[in-house]
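>>> Need coordinates for the below:
(one chain, ligands or ions: 1)
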Amino acid sequence: MKIVLLGPPGAGKGTQAVRLAQKLGLVHLSTGDLFRAHIKNQTPLGRKVKGLMDAGQLVPDDVTWQLVAQRIAEDDCAGGYILDGFPRTIRQAELLGEQETLDAVIDIEVDGDVLMHRLCGRRVCVACGAPYHTSHYTGDTCTRCGAALMQRDDDRPETVKSRLAVYEAQTAPLIAYYRERGLLRPVDGAQETENVFAEILRLLGVA
Ligand code: AP5
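Here you go, the predicted model:
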């Protein structure tokens, strides 16, 4: 199965992708995570994309596609994958479509004020990446592995505003693009995480 998770920043793509990957035995491929790993390891690509990501802007299509194309060509992706955060522009969708046949595009829908609250209060574990929210957890270490929690550089309010504007301008047109191709499966992402997950499984016909 080859699935795309579409949705604005903070919609819950990463949260649902982790669960789906585990349940369906698929590879979870997050372009944001791939870029953050390059930044952490201070690679040439990491140095190139850091400023763009910190400003909430998109990395150029050719750079992003090269990374994704390389990753989906690896053996473990032959059994299927979940794309989280890719494609994000019509051009990226075209490049992907030239090479791959998708089974479904799950569009996780959440309103802007909820997204602001989720992202500005998000904290992530520096070691395992587990997400937390300040309204549910006030500790400063990860309950799973004990490492420190941090705020992502792009989760500060000014940058979140830019990310939401970039989403509307460059990524939201993908909703119509995939609807026209009969692949779009919308889901209400404002529900409890478990309910969103159950709804996605139902849409994929694997509930
Ligand atoms: P990326 O890392 O992909 O960030 P994003 O799309 O902005 O998504 P987020 O990770 O912020 O949110 P999410 O939807 O995964 O939500 P999450 O599950 O964490 O991209 C970062 C940057 O990389 C981009 O700005 C760009 O610069 C670059 N980039 C990446 N891909 C690119 C591409 N294809 N092209 C060009 N540039 C690219 O949940 C958010 C919070 O809400 C968490 O705290 C979570 O616990 C909570 N939550 C989740 N679900 C629920 C729920 N149902 N109820 C209550 N809380 C919930």
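>>> Next to the ligand, which bits of the protein? Give me the list.
Within reach of the ligand by Cβ under 6 Å from any ligand atom, the chain has these residues: 7, 9-15, 30-32, 35, 52-53, 56-59, 64, 85-86, 88, 92, 118-119, 122, 131, 133, 154, 163, 189, 192-193, 196. Just so you know, the C-beta spots here come from the backbone N, C-alpha and C atoms, and that holds for glycine as well.
>>> In contact with the closest residue to the ligand within the chain, which residues?
Scanning the chain for the residue nearest the ligand gives residue 32, at 1.8 Å (criterion: Cβ to the nearest ligand atom). When contacts are counted by Cβ atoms under 8 Å, 6 or more residues apart in numbering, residue 32 touches 14, 53, 84, 85.
>>> And for residue 157, nearest residue in space, chain neighbours not counted?
Spatially, and ignoring its direct neighbours in sequence, residue 157 is nearest to residue 120 (5.5 Å; Cβ to Cβ, 6 or more residues apart in numbering).
>>> on that earlier part again, any chance of a PyMOL selection covering the buried ones in the contacts of residue 32?
For the buried members of those, the matching PyMOL selection, counting by 16 or more other Cβ atoms under 10 Å, is:
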select buried, resi 14+53+84+85
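>>> Now render the contacts of residue 32 as TSV, adding distance to residue 203 and pLDDT.
Putting these into TSV (distance: Cβ to Cβ, whole Å; pLDDT from 0 to 100) gives the following:
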residue	distance to residue 203	pLDDT
14	18	92
53	30	96
84	16	97
85	19	97
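>>> Strands along the chain, start to end?
Secondary structure of the chain (DSSP state E): strands located at 2-6, 27-30, 81-84, 104-109, 122-125, 131-133, 149-150, 184-188.
>>> among those, which gets the worst mean confidence?
Across the strands of the chain, strand 131-133 has the smallest mean pLDDT, namely a mean of 89.
>>> Quickly run through the sheet partners of the lowest-mean-pLDDT helix or strand in the chain, with directions.
Here the helix or strand of the chain ranked lowest by mean pLDDT, DSSP states H and E is strand 131-133, holding a mean of 89. Note on strand 131-133: by DSSP bridges, its sheet partners are strand 122-125 (antiparallel).
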